[in-house]
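Enquirer: 3D model of this:
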Amino acid sequence: MAADRRSSVIEPLDSERHDRAGFSSGVDAVDNFFRSTAGKLSRADNLRVFVLCEGERVIGFHALNAHSVAYADLPAKYARTRPSHGDIPAGFIAMIGVDRRFQGRGFGGDLLVDALERMARAAHDIGLAVVLLDILDCGDARAVERRRALYESFGFRSLPSRPNRLFLPIATVRSPARRNASLTRRLTPPASSPVSAWR
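Expert: Next comes the predicted model:
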């Protein structure tokens, strides 16, 4: 099914307009979240959901909210610049999913870049030290490692105490090199190997 990365848009989820029923990433946890839970949590102000779409056709989505990470959980290299106790403010990428019909075309990377750019903008108004996400463990060890490698290619690293929780300093997200890469990403051909559902 054809879809053009350059003509697609990322916009807030509109439950009345965007068709969620037909979305299928191939991962039940991602699909159930998007079809049944995302709208409720968004209306309750627990997170914000953004969809990548062409018209009413949903290609993928990401969900964002506020979070925190314990000072002691960060690697020493990063913890040295933070408070010596308590929690550090974070943005959390709660979920990313791409419909299986569009996987392997770079849409997942576009969604991740958009999520990071939104976090960077939010960090100008409120304190955010890092961006967090969890690698979805679907029981397939190879799929988990593919997801890990993909996120690490964007600069994410594991928390020492929680290998499947990854973090990225907001300073890295806001760096000039990162911003320049984000500007050109949607014109860049995707990697050849898809990562199912992303999360």
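
Enquirer: top strand in the chain by residue count?
Expert: strand 57-70 (DSSP state E).

Enquirer: remind me, longest helix of the protein?
Expert: The single longest helix within the chain, with elements called by DSSP state H, is helix 107-122.

Enquirer: tell me what the next helix or strand after it is packed against?
Expert: Downstream of helix 107-122, the next assigned helix or strand under DSSP states H and E is strand 130-134. Here strand 130-134 touches strand 57-70, strand 87-98, helix 107-122, strand 162-169, helix 170-173, going by 3 or more CB pairs under 8 Å, 6 or more residues apart in numbering; DSSP states H and E. For glycine as for every other residue, the C-beta is placed from the backbone atoms N, C-alpha and C.

Enquirer: hmm, try it at 7 Å
Expert: Packed against strand 130-134 by the contact rule (3 or more CB pairs under 7 Å, 6 or more residues apart in numbering; DSSP states H and E) you find strand 57-70, strand 87-98, strand 162-169, helix 170-173.

Enquirer: restricting to C-alpha, output that strand in CSV.
Expert: In CSV, the C-alpha atoms belonging to strand 130-134 read as follows (Å, rounded to 0.1, in the frame of the first residue of the first chain):
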residue,chain,number,x,y,z
VAL,A,130,16.1,13.1,29.9
VAL,A,131,13.8,11.3,27.6
LEU,A,132,12.8,7.8,28.6
LEU,A,133,11.2,4.8,26.8
ASP,A,134,10.8,1.1,27.5
